[in-house]
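[1] Got a predicted structure here, sequence first:
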Amino acid sequence: MSPSRPAILPRPVEETAYVAPPAPRDRLAMARDMLRGRRKWIALGVLALLVAALAASMRGKGGDAAATKDVPSLTVTTATVERSTMAKNLLVTGSITAWDELPIGSEIGGYALVQVLVEEGDKVQAGQLLARFNDSVLKADLAQKEAALREAEASASQLGADARRAEELSKSGTTSGRDLDTRKAAAVTAQARVGVAKANLDQAAARLRQTEVRAPAAGTITARGARLGAVPNAGTEMFRMIREDRLELWAEVPEMDITSIAVGQKVSVRIDGSPDTARTFDGTVRLVGPAVNPQTRLGKVQIALPNDAGLKPGMFVRGMVELGKASVLSVPEQSVIYKDQRPQVFALLPDNKVQMRNVETGARQDGKIALLKGVQEGEKVVLAGAGYLKEGDKVNPTAAPTGAVRPLPTQE
């Protein structure tokens, strides 16, 4: 018999307790409790953020205060605004023009140009040959006039001898007085013909000379209208030149200032440009205009310029006319800085803070510059270090050492 297998009994069924769903009123209470919990946590989060922000703000203020406390004052040198006697200058501007520009024309017409010997910009001497016309016809005419003169002179010589011989014969009664008068009249007429022949010869020689166009004075050729082969009319302008290379500055001056300018006054003239091209040189007032334009209220002043400064007609230049001396407030040139092309200084206040001042500048002399507005006598201004300052900065001022005031380099 095989062993019997154990009997498999069915698993007992677990009994689960039945939970009834909450009533509608209980669900509402639970939702309210959950909402209160969320609000509580939100409030706690906001409070934590506020506390953190406040702490950070306090740390920032403390850091800023510490940083401010640690920033050292900038050490600067200062100079005192004081009175100085400076030249009173008047700024004038204008264009360079020729003192005397000469037109050079042809004196004859109808002949072709066979030589043109100069160009624009050439320097010439008085009497120098500039151009030449074809002179073959005039040379032939001159030769004809020379022959006519010789013929007239020979005839006059013969008739003069006849008259003298007749006069000798009349003394011995060999010839009549009438014959003597006739021979004398013929001799006088022949001599007159010699005069006419000489005049004709001189005229022919003059016309021949007119085929050569020469410079009337020393100077520089500024324009050339002559062209090889051209046949210009008499009076046609062929060249233009600046006489003696003399140039002038023609400036317009307000009527209130023109009475302060006199002939002979010195003028410092400047051509603006790069450091390599800017130049300054001296001029002299040559003429003060006798009248003022009633519309512009400006008068003309002509200033003679040196002819060896490389100047050109048409250049724009500036000039400073010294009108006299004046007592003005001044500071070292180094103390003036420029912001947006406006001059400024930093004035030192009693609490060692600086104040930016807009100023109006005037003349410069011996390293100092006149300040017409913006400062008062006795005030101190920053001399060195002003470029690193801003309004209200506190500084550690020190007096400028001897030799600190010096002229700024000029671009000449």
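    Perfect, I can see it now. Fair warning: this is a prediction, and the values are worked out from it, not measured in the lab.
[2] any low-confidence regions in this structure?
    1-72, 273-278, 308-309, 402-412 (pLDDT under 70).
[3] what do you get if the cut-off is 50, keeping everything else the same?
    Along the chain, the model assigns pLDDT under 50 to residues 1-9, 12-20, 62-68, 70, 410-412.
[4] Domain parsing of it, as residue ranges.
    In terms of domains, the chain is parsed into 74-85+327-399, 101-131+216-243, 135-210, 244-326 (source: automatic domain parsing).
[5] Quick one: closest of these to Thr93.
    Of all the domains of the chain, it is domain 244-326 that lies closest to Thr93, at 5.2 Å by Cβ to Cβ. Backbone N, C-alpha and C define where each C-beta goes, glycine included.
[6] Including mean neighbour count and distance to Thr93, could the domains of the chain go into CSV?
    Output for these, formatted as CSV (neighbours: other Cβ atoms under 10 Å; distance: least, Cβ to Cβ, whole Å):
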stretch, mean neighbour count, distance to Thr93
domain 74-85+327-399, 16, 17
domain 101-131+216-243, 16, 22
domain 135-210, 15, 44
domain 244-326, 15, 5
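[7] Please name whichever of these is nearest to Val92.
    Nearest to Val92 among the domains of the chain is domain 244-326 (3.8 Å), distances taken as Cβ to Cβ.
[8] quick one: that closest one to chain centroid distance?
    13 Å (Cα atoms, centre = their mean, to the nearest Å).
[9] and if you look at stretch 133-153?
    Put simply, stretch 133-153 sits 58 Å off its chain's centre (Cα atoms, centre = their mean).
[10] does Gly362 count as helix, strand or coil?
    strand (DSSP: H, G, I helix; E, B strand; the rest coil).
[11] Quick one: residues contacting the closest residue to it other than its chain neighbours.
    Residue nearest to Gly362 in three dimensions, not counting chain neighbours: Ala370, with 3.3 Å by Cβ to Cβ, 6 or more residues apart in numbering. Shown in contact with Ala370 (Cβ atoms under 8 Å, 6 or more residues apart in numbering): 84, 86, 328-330, 361-364.
[12] List the beta-bridge partners for Ala370.
    Ser330 (DSSP bridges).
[13] State the distance from it to Thr189.
    88 Å (Cβ to Cβ, to the nearest Å).
[14] quick one: Arg123 and Thr222 touch, right?
    You called it Arg, but residue 123 is Lys. No - contact criterion Cβ atoms under 8 Å: Lys123 and Thr222 do not qualify, at 11.1 Å.
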